[in-house]
Structures are given as structure tokens and as C-alpha cells.
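# Next comes the sequence, and after it the predicted model I'd like to discuss.
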Amino acid sequence: MPGSVGARNIATEFKPQKMKKILFVLLLASLSLAACSKDAEKASADTASIITAWHSEPGFGPSGKPFRSAAWQLPAGVELTSGGIHEYSFCTGNSKGNFDYATVKGVPGGVFNVCFELRNSTSQPVTINFPDDLLIQSTNTNYQNGLLMGIGSVTLAAGEAQKVYANAFCINEKRAVPGAYDYEGNLLSFRFGPGEVPAALKTVTDIARSKGLTSSHITDGSGKKLDYKKMENIGQIQLAVWEVTSGKGLSPATLALLNSIAVR
């Protein structure tokens, strides 16, 4: 099945407790082939309460519960044609190769890409304005929920259907990277979650969105091959997200790295 084998192998071979340097190497190797878990260093006594508080946040970290806030809704008359959101190879038919990263919306640097097709069933054009920060909820709690940043807007003509591709950041511990299908060959799906994130994570997303980053900032001139030097720069965003969702809080060092990201 398209896109499923690589994701299965990665999720099987790399345990969630691997150190973050290994995860970062995997992130640089491929946005779609990486382990989606922060390192499991032991928390000191002075950070334990912070970690406990974050770990009680539904939908994040180790939580298998739905997000706390209500899900963001599409405008009236606009629907998801497949009924859900999927890992991008469900739409492209392949997980590697000649994928055009220029089609991917939002802040780049997350570990996986998703796709969804929207259809306007009305007789008038409709513009969908996505929230600055949009969470997506996996229907299978063995796999990551995702965070989409800065997707922007999509306009659909009357009766038009359009595929949307977006980059997604990992926000859970001990969950596998989503492929198009799970280990048993069942189609994996997401649904829209809240159009907002907790304050601690918003610090990261506000900085990331302010950089004006697009898919062109992680690819070569063709737009179809990843530029790993560029990714090393932008990969700090996923690391910052991991740091927050691990419950340890954004460290001054990571905050400085996040602020230092420069468009190349």
C-alpha cells in the first residue's frame, strides 16, 4: 500500500525513548521518516510539577484523550470529500520521489505532511480562512496528533474540489509517525481539532509563523528535493515543540535557537 512500508519500519525500529539527537538526525534525513518523540530524560524535582501539569493536557504528550477545546469547523457548504484528513501519500500515491513540496502549505519543519480534499457544494465561491494554529486529531491513538501552523486560506469556486497539502508537527510522546495506513493496512485518518493551542505552545508557534517560512526554505531550486542544510536551520521548530509537549517547558537555549532561525 502506498506510503505504508517506510513508516512501519521506522516506527518499529526506533523506540520513543531514543535521545533527541537521534530524532534530529532522522528529521534531517526526511520529513516523513522520523521518530516523533522527545527524549525521555528523567525530570528533576523542580520540573516534575510542570511536566505533570502539561501531561494532563488532553491530546498532547502521552494523553490519549481528545483535545480539550471544541474542534474548528469548515464553513457551511464545504466538506471533506473523504470524510477525513490523511498522511500525504494517500493523496499522491507515493511516499517518496517526485513529490512537489511547493504544494505544501504552512510553516515547514515538522515531521510529516498531510492532505485533505475540500469540496464547495454551494453555488457561490467560498474562501476558507484557516486558524493560525490548527490541531488535527488522529483517529488511532497509536499515531501522532498533529499541529499545523500558518496554512492561510483556500478559495473554492462553486462546485470546486481542491486538495490541500500541509506540513504537520508531532505533539505526542510514544506514538508512531503516521503513514497513509497503519501496521495492519487500515487507512489512517485525522479530523480537525481546535483552532488554538495552549499558551506555552503558542510562544513557539508565534515565533515560527513570524519567520515567513515556506516550503521553498527547505528545498532545492527544483522544489522536489529537500535541502538538508536548510532543514538543519528550520528543524529547531520541531525541537521546540517537542520540548514544550514533553512538559519540561521551553528552555532559554531553545528559545534563542528558535529566535535565531533565519530565512535562507
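It's in.
# Now do the buried residues in stretch 242-251.
Within stretch 242-251, the residues scored as buried using 16 or more other C-beta atoms under 10 Å are 242, 243, 244, 245, 246, 247, 248, 250. Using the backbone N, CA and C atoms, a C-beta is placed for each residue, glycine as well.
# partners of the residue nearest the centre of the chain in the sheet?
Centroid-nearest residue in the chain, with C-alpha atoms, centre = their mean: residue 168, separated by 1.7 Å. Beta bridges link residue 168 to residue 112, judged by DSSP bridges.
# so how many other residues sit close to the closest residue to residue 234 other than its chain neighbours?
Closest residue to residue 234 apart from its sequence neighbours, by C-beta to C-beta, 6 or more residues apart in numbering: residue 109 at 4.1 Å. Using other C-beta atoms under 10 Å, the number of residues around residue 109 comes to 27.
# same thing with residue 81?
Neighbour count of residue 81, defined by other C-beta under 10 Å: 12.
# That one contacts residue 161, correct?
Yes. Taking C-beta atoms under 8 Å as the definition, residue 81 is a contact partner of residue 161 at 6.0 Å.
# ok, back up a step: what's the pLDDT at the residue nearest to the centre of the chain?
Residue 168 carries a pLDDT value of 97.
# which element follows the one helix or strand residue 115 maps to toward the C-terminus?
Using DSSP states H and E, residue 115 sits in strand 112-120. Counting by DSSP H and E, the next helix or strand C-terminal to strand 112-120 is strand 126-129.
# List the buried residues of that following strand.
Neighbour-count burial for strand 126-129, counted by 16+ other C-beta under 10 Å, picks out 126, 128.
# For residue 163, give me its contacts.
Going by C-beta atoms under 8 Å, 6 or more residues apart in numbering, residue 163 touches 91, 115, 116, 117.
# That one in helix, strand or coil?
Using DSSP: H, G, I helix; E, B strand; the rest coil, the secondary structure recorded for residue 163 is strand.
# on that earlier part again, can you list residues touching both of residue 81 and residue 161?
Residues touching both residue 81 and residue 161 (C-beta under 8 Å, 6+ apart) are 117, 118, 119.
# ok, and the most crowded of the residues you listed?
Among the shared contacts of residue 81 and residue 161, the one with the most neighbours (other C-beta under 10 Å) is residue 118, at 19 neighbours.
# what pLDDT does it get?
Looking at residue 118, its pLDDT is 98.
# give me the beta-bridge partners of it?
residue 80, residue 162.
# Going forward, count from 12.
Right, with 12 as the first residue, what we last looked at is residue 129.
# my guess is it meets residue 138, correct?
No. Using C-beta under 8 Å, residue 129 is not in contact with residue 138, being 11.2 Å away.
# Quick check: neighbours shared by those two?
Residues touching both residue 129 and residue 138 (C-beta under 8 Å, 6+ apart) are 165, 167.
# so what's residue 205 closest to, chain neighbours aside?
Nearest to residue 205 is residue 80, by C-beta to C-beta, 6+ apart, at 3.8 Å.
# mind checking the SS state of the one you found?
At residue 80 the chain is in coil, as set by three-state DSSP.
# how many neighbours does it have?
Count around residue 80 with other C-beta under 10 Å applied: 15.
# How much space separates it from residue 89?
In this structure, residue 80 and residue 89 are 21 Å apart, going by C-beta to C-beta, to the nearest Å.
# cool, and residue 141?
12 Å.
# Looking at these two, which is more packed in?
Neighbour totals were compared for residue 141 and residue 89, and residue 141 leads with 21 against 17 (other C-beta under 10 Å).
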